[in-house]
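Student: Generate coordinates for the sequence data below:
(2 chains)
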Amino acid sequence: KNQVEQSPQSLIILEGKNCTLQCNYTVSPFSNLRWYKQDTGRGPVSLTIMTFSENTKSNGRYTATLDADTKQSSLHITASQLSDSASYICVVSGGSNDYKLSFGAGTTVTVRA
Amino acid sequence: DTEVTQTPKHLVMGMTNKKSLKCEQHMGHRAMYWYKQKAKKPPELMFVYSYEKLSINESVPSRFSPECPNSSLLNLHLHALQPEDSALYLCASSQGTGGINIQYFGAGTRLSVL
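Tutor: Numbering: from 1, shown residues only, chains lettered A, B, ... in the order given. Alright, predicted model coming up:
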């Protein structure tokens, strides 16, 4: 059973609009949560990483939040650009093997002009 | 420099061929990883090297053989692959294997097995 669930599976937004992606996890014990951006056919690129004590972290137009009590995270994209079209993957580190990352299935974002 | 370089970018091979994928990083990272990613699926961990020694093999078939010649290089030797092995193969590296260590991914090798 996947321990990291993401929603929605995909979404389409107009250029300049904002959107929010959701991630729920059950990985325990929890070490940290990362959001990666993956362009089609390319490797994932780290956007943010948050530990238990961090509630929010920004990277340019990307802002991630973490609620460790409810085991939920979100990634907010502000003023979307065409280059934001990609898959966004929530990745949680922890569990019985700290080296092993638990990947969500990703949310595919398509930004249209 | 946060770059992990993988070669080749694309590879087509027959089921009887022997080929190798290469990965290189110069960030001084001591942990390196191989992942396999099928279309529209998350990456699946295959192998973990720590300090040039194989520390984790996620029950990968023996037709995949990893090698770490030195701390900057990681190879994946391929032999007698099956069509279902066609996928994007990702290499990653991190400072260490635990806790807060961020894994930096390469662009991947797109492998097609005919």
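Student: which helices and strands sit right next to the lowest-mean-pLDDT helix or strand in chain A?
Tutor: When the helices and strands of chain A are compared on mean pLDDT, DSSP states H and E, strand A:101-103 comes out lowest with a mean of 89. Contact analysis of strand A:101-103 by 3 or more CB pairs under 8 Å, 6 or more residues apart in numbering or on different chains; DSSP states H and E lists strand A:86-94 as its packing neighbours. Quick note: C-beta positions are derived from backbone N, CA and C, even for glycine.
Student: what packs against the strand it packs on?
Tutor: Using 3+ CB pairs under 8 Å, 6+ apart, strand A:86-94 sits against strand A:4-7, strand A:19-25, strand A:30-38, strand A:72-77, strand A:101-103, strand A:107-112.
Student: Where do the helices of chain B begin and end?
Tutor: Assigned by DSSP state H, the helices in chain B number zero.
Student: Run through the residues that contact the residue nearest to the spatial centre of chain B.
Tutor: In chain B, the residue lying closest to the centroid (CA atoms, centre = their mean) is B:W34, at 2.9 Å. By CB atoms under 8 Å, 6 or more residues apart in numbering or on different chains, the residues touching B:W34 are B:23, B:45-47, B:64, B:66, B:74, B:76, B:89-91.
Student: Same question for B:K19.
Tutor: B:11, B:13, B:77-78.
Student: Could you pick out the residues of chain A near chain B for me?
Tutor: Contacts of chain A with chain B, taken as CB under 8 Å from any CB of the partner chain, map to A:31-32, A:34, A:36, A:41-46, A:49, A:51, A:89, A:93, A:98-101, A:103-106.
Student: does A:N18 really touch A:T78, like I thought?
Tutor: Yes: assessed by CB atoms under 8 Å, A:N18 is found in contact with A:T78 at 5.3 Å.
Student: Looking at these two, which one has more neighbours?
Tutor: A direct count of neighbours by other CB atoms under 10 Å in any protein chain shown for A:N18 and A:T78 places A:T78 higher, at 15 against 11.
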